[in-house]
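Chemist: Below are the sequence and a predicted model; questions follow.
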Amino acid sequence: MRMQSQAVLHGIKSSKGDYEGRAFDSTTFHLSVDMGQSSSGESIGVVTRPFKFGDSSEFQKWAHLKAKWPITGVMCDCEFDVVAGADNSTKLTLLGIRPAATAKAAA
């Protein structure tokens, strides 16, 4: 099932190279996750969760923001594929991401 959502993007990392004869090429987006719904025990605040999307060239679409990246992150429009697991877990796969139409620093 596809789902549209907004999320706070805290960081982006491009990775490209070769490790032990295996090539890798990806961009990882670190989005906020509500810990209250995704953990057992007590929690305060949010953590970021890494989502791989595209290859390292995806990073270039965001590189112009590097000098003015707000510490609070950037609000983004995201599209996810949501798959329910047999153990009541939910697997999210990032299908698309872009700064929200009114993107400024996240409040």
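Modeler: Happy to help now that I have it. Numbering: from 1, shown residues only.

Chemist: what's the least confident helix or strand in this structure, going by average pLDDT?
Modeler: helix 35-38 (a mean of 52; mean pLDDT, DSSP states H and E).

Chemist: mind listing what's buried in the longest strand seen in the chain?
Modeler: With secondary structure taken from DSSP state E, the chain has its longest strand at strand 2-19. Within strand 2-19, the residues that count as buried by 16 or more other C-beta atoms under 10 Å are 7, 8, 9, 10, 12, 14. For every residue, glycine as well, the C-beta is placed using N, CA and C.

Chemist: now swap in stretch 89-96 and tell me
Modeler: 92, 94.

Chemist: who touches it?
Modeler: Applying C-beta atoms under 8 Å, 6 or more residues apart in numbering, the external contacts of stretch 89-96 come out as 2, 29, 31, 51-53, 78-85.

Chemist: Out of those residues, which comes closest to residue 21?
Modeler: Residue 21 lies nearest to residue 52 out of the contacts of stretch 89-96, by C-beta to C-beta, at 20.6 Å.

Chemist: my guess is that closest one meets residue 27, correct?
Modeler: Yes. The pair residue 52 / residue 27 is scored as a contact, 7.1 Å apart, by C-beta atoms under 8 Å.

Chemist: ok, the two, which is more surrounded?
Modeler: The neighbour count for residue 52 versus residue 27, taken as other C-beta atoms under 10 Å, is higher for residue 27 (22 against 14).

Chemist: So the more buried one: helix, strand or coil?
Modeler: Under the three-state scheme (DSSP: H, G, I helix; E, B strand; the rest coil), residue 27 adopts strand.
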